[in-house]
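Undergrad: dropping the sequence and predicted coords here.
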Amino acid sequence: MINSYGSSKGVSRKGGTFARRNLIIALPLIPLIAYLAFFFFWPMVMVVTDSLKNNDHHWSFINFTTITHKPYSTAFKNSILLGALSALFASIPGAIFAYIIEVRGSEKLKGFVTSLSGVLANTGGVPLAFMFIATFGAQGSAIKILKALGIDLYSGGFTLFSFTGIVFVYLYFQIPLMVIIFSPALHSIRNEWRDAAKNLGATPRKFWRTIGVPLLFPSFTASFLLLFASGFAAYATARAMTVGNIALVPLVIGTLVDGNVQVDQANVGKSLAVGMVIVSALAMIPYLIIQRRARRWQQ
Amino acid sequence: MRGKRLVVAATVAALFTTGLVVATAPAQAAGKINYCTAQNLTEAGGMDALVTAAKKEGTLNVITLASGWANYDEAIALFKKAFGIKIVNDNPDGSSAYELQTIKTAPDAKQPDVVDIGATHLGAESSDTLGRSLFTPYKVATWNDITPTWKDTNGLWYGDYQGTINIAYDSSVTPAPTKISDLSNPAYKGMVALGGDPSAATESFMSVFAASIAKGGSVDDIKPGIEFFRSMKQSGNFVTVPATGANLATGAFKIALSWSFNGPGFIQAAKGIGKDLKYVTPKDVVLKGSPYIQAINAKAPHCAAARLWEEFLYSENKGKFSKDLTPADIKQSGSKVFALIMGGQNIFNSGAAHPITEAAMIKKGTLIAPPAGFEIPAGVKVYSPTLDQQIPQQAVVKTMWPSVIQ
């Protein structure tokens, strides 16, 4: 490349432009960084420091000792189980559904399912609880219709306001979430490979066992872990459906920080929050490792 | 020796000067009252001066005064209309914890002038420490009528109203419930609810407490109440859905235990969704909760308005509600307007809360009638567990509740 400005001068000016350009690229990031600092890092630092203080504002590890005992340990057990079960029951049907749509569906159907899933996966909170109470509550419309057909779910022991009920409600947003995050992975199974396997005499069963499943497994696990995190941390829906009968960590934190009955326990709540961060981090580490591996395979 | 004499001389001089200042204070009062340190109406220069100063400030910051709660809606409307002072209500549905957190952390301009907090928060830290660091003392004109157990002797905080645990029910329910112990009636299958989690919400905690006394427990034993809800969970009577308006609309519950002072607001809201909600004071046990606590924030941005608000809330006047107040009424002097309007204690009463000066008001004949359905039936014993009695029972609920009703 010919430099029309002469060598030394040209290089220095070019360097300046380069730095300026980097600065210009970085500028839009400033609001993002400020946002993260205010709403993520700052609260995080506050929560961690407060969790390490007792009620007299002295440094102490007592909150963390407290949360290893009941009822807090039960809350962790319940929340982890809720995250895992809702992820399990959503990931398998979600993956199968995504596969059917991706492989068999027309372009139009694919587009429809994607946008529908986007809407459903983002339905949560109090409206979601209300929808289910109105349809599957003891006096819900679906329950009444089933009763008219001779199926009495509630006399058969079902109740929406139980652990099982919450898992059931969470599937409403977990399955579409699975469809959204798992569909892109399905592109990694190329039709050529399927044809090649067929030509070499592989049955569909053998194709799935030796090629399909191993290829999709990393993405599936990654999706599963994301669903776990989503079910583990959800708050408003469970809160609108229970009155403290199911101890879940996010609900217990709400009770401790904002309740009127036990009022000197806010720092225990913060140590529970740190506990949740740790559980989420533990779930996200394998997610990142697997995701990196999956990307390498898909290239 | 010389030094000592000098000290004596200086002290005498200082005392003399202080005496002079004290003597001249009333003359200066009209012009220079520090409303932020005024501890009673006299120090605030009397009602006319207080109203003028509060009007000059123009705004009152209140916090977490929920719509439909103890008829605070009317208190706010009347205060605004009578004195022309703007009221900013931060986070109406927030909790007492939010109020205290705001005082501790919010910037000066966002500070509330006055708070209304659950009494349990006073028990948490010693009330003295909490009061001294956060509140500033003020004794309203009706100070002597406030129940002695529910006010700080220095005037840092004072109870304002109490609720009773009442039964709220959809009028379609038959038979209409009248006792808490009746709620296990098989006719109420799938109908009975609580407002929230008893280990978080005072209303629900007190509901379980009331049930306990109804089922053979006492103010020192909440377990029979927890057991009662356990048996109702097993029989299917108790549905673990929060007793909110939305859940009432879907029919997810039809009967709930509720603070009396939430009643009129809830009845009104239910009407809006086509439900005829009724309240009844239980005929077996009446449980009166600890009062909510008023206090003036030490960092109040509107010192005069805060003090006028407290005088208004504790006024025992039987006067005009906001809808009856005419423009001519408002044109009068501050003290005349104050004497004309309904006092806050009666406004609480109209919202089915028991004002803290109730006993004195009954004696004076100034108490207006509570809304229908909220009268305490004659001959029913009223229980009111103290904070010292509540605290150990809170621990019991915290450990037992999740496992008992899971």
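TA: Okay, I see it.
Undergrad: who in the stretch 1-150 of chain A is up against chain B?
TA: Applying Cβ under 8 Å from any Cβ of the partner chain, we find that the stretch 1-150 of chain A lies next to chain B at A:70-71, A:74, A:126, A:130, A:133-134, A:137-140. From N, CA and C alone the C-beta is placed, and that goes for glycine too.
Undergrad: among these, the buried ones, what's the ChimeraX command?
TA: Here the buried members of the residues of the stretch 1-150 of chain A next to chain B are turned into a ChimeraX selection, burial being counted by 16 or more other Cβ atoms under 10 Å in any protein chain shown:
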select /A:71,74,130,133,134,137,138,139,140
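Undergrad: pLDDT for the residues of the stretch 1-150 of chain A next to chain B - can I get that in a markdown table?
TA: What follows is the residues of the stretch 1-150 of chain A next to chain B, written out as a markdown table (pLDDT from 0 to 100):
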| residue | pLDDT |
| --- | --- |
| A:Lys70 | 80 |
| A:Pro71 | 81 |
| A:Thr74 | 88 |
| A:Val126 | 87 |
| A:Phe130 | 89 |
| A:Ile133 | 89 |
| A:Ala134 | 89 |
| A:Gly137 | 85 |
| A:Ala138 | 79 |
| A:Gln139 | 81 |
| A:Gly140 | 86 |
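Undergrad: what parts of the stretch 101-250 of chain B come near chain A?
TA: Taking Cβ under 8 Å from any Cβ as the criterion, the stretch 101-250 of chain B approaches chain A at residues B:118, B:120-121, B:123-125, B:190, B:193-202, B:204-205, B:233, B:236, B:239-242, B:244, B:246-247, B:250.
Undergrad: if we can go back for a sec, could I get the residues of the stretch 1-150 of chain A next to chain B as a markdown table with distance to B:Lys336?
TA: As requested, the residues of the stretch 1-150 of chain A next to chain B are exported to a markdown table (distance: Cβ to Cβ, whole Å):
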| residue | distance to B:Lys336 |
| --- | --- |
| A:Lys70 | 62 |
| A:Pro71 | 57 |
| A:Thr74 | 62 |
| A:Val126 | 47 |
| A:Phe130 | 50 |
| A:Ile133 | 53 |
| A:Ala134 | 53 |
| A:Gly137 | 55 |
| A:Ala138 | 57 |
| A:Gln139 | 55 |
| A:Gly140 | 57 |
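Undergrad: nearest to B:Gly272 among the residues of the stretch 1-150 of chain A next to chain B?
TA: Distances from the residues of the stretch 1-150 of chain A next to chain B to B:Gly272 were compared by Cβ to Cβ; the smallest belongs to A:Phe130, at 16.0 Å.
Undergrad: quick one, what contacts the closest residue to B:Asn346 other than its chain neighbours?
TA: Counting by Cβ to Cβ, 6 or more residues apart in numbering or on different chains, B:Asn346 lies nearest to B:Ile368, which is 5.0 Å off, once chain neighbours are set aside. Residues touching B:Ile368, when contacts are defined by Cβ atoms under 8 Å, 6 or more residues apart in numbering or on different chains, comprise B:318, B:346, B:349-350.
Undergrad: tell me the secondary structure at B:Ile368.
TA: In three-state terms, and counting by DSSP: H, G, I helix; E, B strand; the rest coil, B:Ile368 is coil.
Undergrad: same question for B:Lys278.
TA: For B:Lys278, the secondary structure call by three-state DSSP comes out as strand.
Undergrad: per-residue confidence for the closest residue to it other than its chain neighbours?
TA: Among residues not flanking B:Lys278 along the chain, B:Ser171 sits closest, at 5.1 Å (Cβ to Cβ, 6+ apart). Confidence per residue is given as pLDDT, and for B:Ser171 that number is 94.
Undergrad: I figured B:Ser171 hits B:Tyr279, correct?
TA: No. Between B:Ser171 and B:Tyr279 there is no contact under Cβ atoms under 8 Å: 10.7 Å.
Undergrad: do I have it right that A:Phe97 meets A:Pro176?
TA: No. With contacts defined as Cβ under 8 Å, A:Phe97 does not count as touching A:Pro176, sitting 9.2 Å away.
Undergrad: more neighbours: the two, which one.
TA: A side-by-side neighbour count of A:Phe97 and A:Pro176, using other Cβ atoms under 10 Å in any protein chain shown, places A:Pro176 first with 24 against 18.
Undergrad: what about the more buried one, which helix or strand?
TA: Following DSSP states H and E, one finds A:Pro176 within helix A:163-186.
Undergrad: packing partners for that helix?
TA: In terms of contacts (3 or more Cβ pairs under 8 Å, 6 or more residues apart in numbering or on different chains; DSSP states H and E), helix A:163-186 is packed against helix A:72-104, helix A:107-121, helix A:125-136, helix A:213-233, helix A:236-241.
Undergrad: now with 10 Å, please.
TA: helix A:72-104, helix A:107-121, helix A:125-136, helix A:213-233, helix A:236-241, helix A:266-298 (3 or more Cβ pairs under 10 Å, 6 or more residues apart in numbering or on different chains; DSSP states H and E).
Undergrad: just the CA atoms of that helix, as CSV, please.
TA: Written as CSV, here are the backbone C-alpha positions of helix A:163-186 (Å, rounded to 0.1, in the frame of the first residue of the first chain):
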residue,chain,number,x,y,z
PHE,A,163,-44.9,-28.5,44.3
THR,A,164,-46.2,-30.6,41.4
GLY,A,165,-48.6,-27.8,40.5
ILE,A,166,-45.8,-25.3,40.3
VAL,A,167,-43.7,-27.6,38.1
PHE,A,168,-46.8,-27.9,35.8
VAL,A,169,-47.2,-24.1,35.6
TYR,A,170,-43.5,-23.6,34.9
LEU,A,171,-43.7,-25.9,31.9
TYR,A,172,-45.8,-23.3,30.2
PHE,A,173,-42.8,-21.1,29.7
GLN,A,174,-40.1,-23.7,29.9
ILE,A,175,-41.1,-25.8,26.9
PRO,A,176,-41.3,-22.8,24.5
LEU,A,177,-38.0,-21.6,25.9
MET,A,178,-36.5,-25.0,25.0
VAL,A,179,-37.9,-24.8,21.5
ILE,A,180,-36.3,-21.3,21.0
ILE,A,181,-32.8,-22.2,22.3
PHE,A,182,-32.6,-25.8,21.0
SER,A,183,-33.9,-25.2,17.4
PRO,A,184,-30.6,-23.6,16.1
ALA,A,185,-28.7,-26.6,17.3
LEU,A,186,-30.7,-28.9,15.0
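Undergrad: any idea of the mean pLDDT in it?
TA: Within the predicted structure, the mean pLDDT of helix A:163-186 is 92.
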